[in-house]
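S.K.: Provide a 3D model corresponding to the input given below.
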Amino acid sequence: MSKLLDTIVIGAGWSGLVAARDLATKGHSVLVLEARERIGGRANTVTHGMHAPIDLGCSWIHGYKEGNPAREIASRLGVNTYLGKDTEKVVYGPDGPLSPSVVSQLGYNIRSSMAAAHNLAQTRLPSPSTSIPLSEFLLSQGSPLFLSSEPALASDFARALEIPLAAPLEKISLRWIGWENTFGGSDAAPEAGFQHLVEKLNNEAQSFGSETRLGERVNSLKRREDGWIAVVTDKAVYNARTVVCTIPLGVLKQDPPSFTPPLPARRLETIAGTHVGVLEKLVLVYPVAWWPGGSSVGSFTFLPNHLAISKDYSDAKAVLASHSLVMLSFAAPTLPNPHPTLVIYLSSTPAQLLARFSTNDVTHAAHAFLVERFNPTFSPPNPVTGVKTNWMDDPLARGATTTPSVIGEGRSPLDFTELGKPLWDGQLGFAGEHTDADHRGSVAGAVVSGQREAARVARLLAQQ
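M.R.: Residues are numbered from 1 along each chain as shown. As a prediction, the model looks like this:
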């Protein structure tokens, strides 16, 4: 029989390693089982072919000065973090860059519209029905969105919200907009990327006695008659008094391990009803920064040209040209050591439409799209490297992150709390960004939930 453990943690991402580290510091025997051949989960940093490490998953510590616990972890582990510096932001309309006054008005309108949506949802009675989508308010004729702005520009600009939301505006419930108490404000990036930081967290956990095994996917969990939990992987069987499951919600939806006894009906309904969003990145690495404002502009927003919009989508460039896009330029001094790399954020609709094209095709299409929109007077160099994420089809992720509560009867932020409730008399716990109602969809949610479960399991173990 294998060694009997205090706790098995399923998943070596942020939440799992935070829980493992905290439990190991209290003297508990901990084994972390990770299906991937690397640490980090959706913290994935690419270095090959890059000028500098680029994060394909989480990339910022949001709310760095406002209490995000990832800041303390980075400091404890000796990882430098850099606050993002303000740089120029340019918005391209159908005919070229918009004037600063137009962009300022669009920004003011979207902030006013979201504030009005929050006020309607959280302070007015009766509250909106959970079946009313955010789009119904935001894009309505009387919305502040259209104050002194061209309607097409304003609505296209609002579509950029679908990037942080990771879902179409028509999917998000108006009733719960602004409900979360998140860490917001300042953003910082860890030196060498998030995966490096998580790997150092794993090393710290191991220094306290925790063990991590890679390439072991959990197939089943069974609560034995003697009270122990048997965890079966494709390589071995392990037994522990407690388990902390940090399997992403997308995997719990589509390809979960078997649980004996089975998960309760209410938990299964919540898993099915809580939405996992789509957000992908396209990284373009160039030999030089050839685009306008290369050394000063940190972000570009591209609004579609409605005359050029294609519903055929027979080529990748047509997809890019037909949707609102946000692109970061690392050639600007947002972070130290600028380099000629662009990262295009793809919201749900264009990401799904581009999934059928190869990375090479999308890379070439994106370059052609940028040349067309920037219209340089010279022939710019082609990208030397292109990388496109595919979190939605990754069998160990099945999506980028959870979204705010979606439309539908019974859906609310309480779903995230339900997903984090322990089962089997507390022996089976759940952590991950999808289990924290305030910080879902973020590193903070993963960290907070890992800390929460470690503290709860430690109390339980002390009573046994």
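S.K.: only C-alpha atoms from now on, for both contacts and neighbour counts.
M.R.: Fine.
S.K.: who's in contact with the longest strand seen in the chain?
M.R.: Assignment by DSSP state E gives strand 237-245 as the longest strand of the chain. The contact list for strand 237-245, computed with Cα atoms under 8 Å, 6 or more residues apart in numbering, reads 2-11, 16, 227-232, 426-431, 453, 457.
S.K.: quick one: buried residues of that strand?
M.R.: Across strand 237-245, burial judged by 16 or more other Cα atoms under 10 Å covers Tyr238, Asn239, Ala240, Arg241, Thr242, Val243, Val244, Cys245.
S.K.: where do the helices sit along the stretch 351-464 of the chain?
M.R.: Applying DSSP state H, counting those that start in this stretch to the stretch 351-464 of the chain gives helices spanning 359-374, 414-419, 443-463.
S.K.: if you could redo that for the stretch 101-250 of the chain, that was the one I meant.
M.R.: 134-138, 151-158, 162-165, 194-207, 249-254.
S.K.: now, of those, which is deepest in the fold?
M.R.: helix 194-207 (a mean of 22; mean count of other Cα atoms under 10 Å).
S.K.: tell me the mean pLDDT over it?
M.R.: Regarding helix 194-207, the rounded mean pLDDT is 98.
S.K.: does anything pack onto it? Which helices or strands?
M.R.: Using 3 or more Cα pairs under 8 Å, 6 or more residues apart in numbering; DSSP states H and E as the contact test, the elements touching helix 194-207 are helix 14-25, strand 45-46, strand 211-214.
S.K.: do I have it right that Lys85 meets Phe330?
M.R.: No. Applying Cα atoms under 8 Å, one finds Lys85 not in contact with Phe330, separated by 11.5 Å.
S.K.: in terms of neighbours, single out the busier of those two.
M.R.: Phe330 (26 against 14; other Cα atoms under 10 Å).
S.K.: show me the residues around that one that make contact.
M.R.: Gly298, Pro338, His339, Pro340, Thr341, Leu342.
S.K.: hey, which of the helices and strands packed on helix 194-207 is tucked in deepest?
M.R.: Most buried among the helices and strands packed on helix 194-207, counting by mean count of other Cα under 10 Å: helix 14-25, with a mean of 28.
S.K.: now that one and strand 237-245, what's the angle there?
M.R.: Orientation check (axes from the mean of the first three to the mean of the last three Cα atoms, to 10 degrees): helix 14-25 against strand 237-245 gives 110 degrees.
S.K.: what's the mean pLDDT across stretch 324-340?
M.R.: 97.
S.K.: er, stretch 48-55 I mean
M.R.: 97.
S.K.: repeat for stretch 168-181
M.R.: The pLDDT scores in stretch 168-181 average 95.
S.K.: contacts for it?
M.R.: Looking at what lies outside stretch 168-181 - Cα under 8 Å, 6+ apart - the contacts are 117-118, 121-122, 127-137, 159, 161-162, 348-349, 403-408, 412-413, 437-439.
S.K.: mind listing what's buried along that stretch?
M.R.: Within stretch 168-181, the residues that count as buried by 16+ other Cα under 10 Å are Pro168, Leu169, Lys171, Ile172, Ser173, Leu174, Arg175, Trp176, Ile177, Gly178, Trp179.
S.K.: chain center to it: distance?
M.R.: Taking Cα atoms, centre = their mean, to the nearest Å, the mean C-alpha location of stretch 168-181 is offset from the chain mean by 16 Å.
S.K.: just the CA atoms of that stretch, as CSV, please.
M.R.: Extracted C-alpha coordinates of stretch 168-181, given in CSV (Å, rounded to 0.1, in the frame of the first residue of the first chain):
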residue,chain,number,x,y,z
PRO,A,168,-20.3,38.4,-25.3
LEU,A,169,-22.3,41.3,-23.8
GLU,A,170,-25.4,39.3,-24.6
LYS,A,171,-24.3,36.5,-22.3
ILE,A,172,-23.5,38.5,-19.1
SER,A,173,-26.3,39.2,-16.6
LEU,A,174,-27.0,42.8,-15.9
ARG,A,175,-28.3,41.9,-12.5
TRP,A,176,-24.9,41.1,-11.2
ILE,A,177,-22.7,43.7,-12.8
GLY,A,178,-20.3,45.2,-10.3
TRP,A,179,-21.3,42.8,-7.5
GLU,A,180,-17.7,41.6,-6.9
ASN,A,181,-15.4,43.3,-4.4
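S.K.: do you know the pLDDT at Ser310?
M.R.: 64.
S.K.: right, I mislabeled it, should have said Thr123
M.R.: Residue-level confidence at Thr123 comes out at 87, pLDDT.
S.K.: list the residues that contact it.
M.R.: Not one residue lies near Thr123 by Cα under 8 Å, 6+ apart.
S.K.: if I look at it, how far off is Glu136?
M.R.: 18 Å (Cα to Cα, to the nearest Å).
S.K.: circling back: name every strand pairing with the longest strand of the chain and say which way it goes.
M.R.: strand 4-10 (parallel), strand 229-233 (antiparallel), strand 428-430 (parallel) (DSSP bridges).
S.K.: spatially nearest residue to the residue most central in space within the chain, not counting backbone neighbours?
M.R.: Residue closest to the average C-alpha location in the chain (Cα atoms, centre = their mean): Thr401, at 4.3 Å. Using Cα to Cα, 6 or more residues apart in numbering and skipping residues adjacent in sequence, the residue nearest Thr401 is Gly441, 5.0 Å away.
S.K.: what's the local residue count around the one you found?
M.R.: Applying other Cα under 10 Å, I find that Gly441 has 25 neighbouring residues.
S.K.: report the contact partners of it.
M.R.: Thr401, Thr402, Thr403, Glu433, His434.
S.K.: what pLDDT does the model give it?
M.R.: Gly441 is given a pLDDT of 95.
S.K.: follow-up on the earlier one: now the buried members of the contacts of strand 237-245.
M.R.: 4-11, 16, 228-232, 427-431, 453, 457.
S.K.: adding distance to Val218, write the buried residues of stretch 168-181 out as a markdown table.
M.R.: Putting the buried residues of stretch 168-181 into a markdown table (distance: Cα to Cα, whole Å) gives the following:
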| residue | distance to Val218 |
| --- | --- |
| Pro168 | 33 |
| Leu169 | 35 |
| Lys171 | 32 |
| Ile172 | 33 |
| Ser173 | 34 |
| Leu174 | 37 |
| Arg175 | 37 |
| Trp176 | 34 |
| Ile177 | 36 |
| Gly178 | 36 |
| Trp179 | 34 |
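S.K.: most widely separated two among the residues you listed?
M.R.: Pro168 and Trp179 (18.4 Å; Cα to Cα).
S.K.: any idea how far the nearest residue to Thr341 once chain neighbours are set aside lies from Thr385?
M.R.: Spatial nearest neighbour of Thr341, chain neighbours left out: Val285 (4.6 Å); criterion: Cα to Cα, 6+ apart. Distance, Val285 to Thr385, using Cα to Cα: 5 Å.
S.K.: need the overlap of contacts for these two.
M.R.: Common contacts of Val285 and Thr385 (Cα under 8 Å, 6+ apart): Gly49, Met50.
S.K.: more neighbours: those two, which one.
M.R.: Val285 (24 against 16).
S.K.: what's the more buried one in contact with, if anything?
M.R.: Gly49, Met50, His51, Pro340, Thr341, Leu342, Pro383, Val384, Thr385, Gly386.
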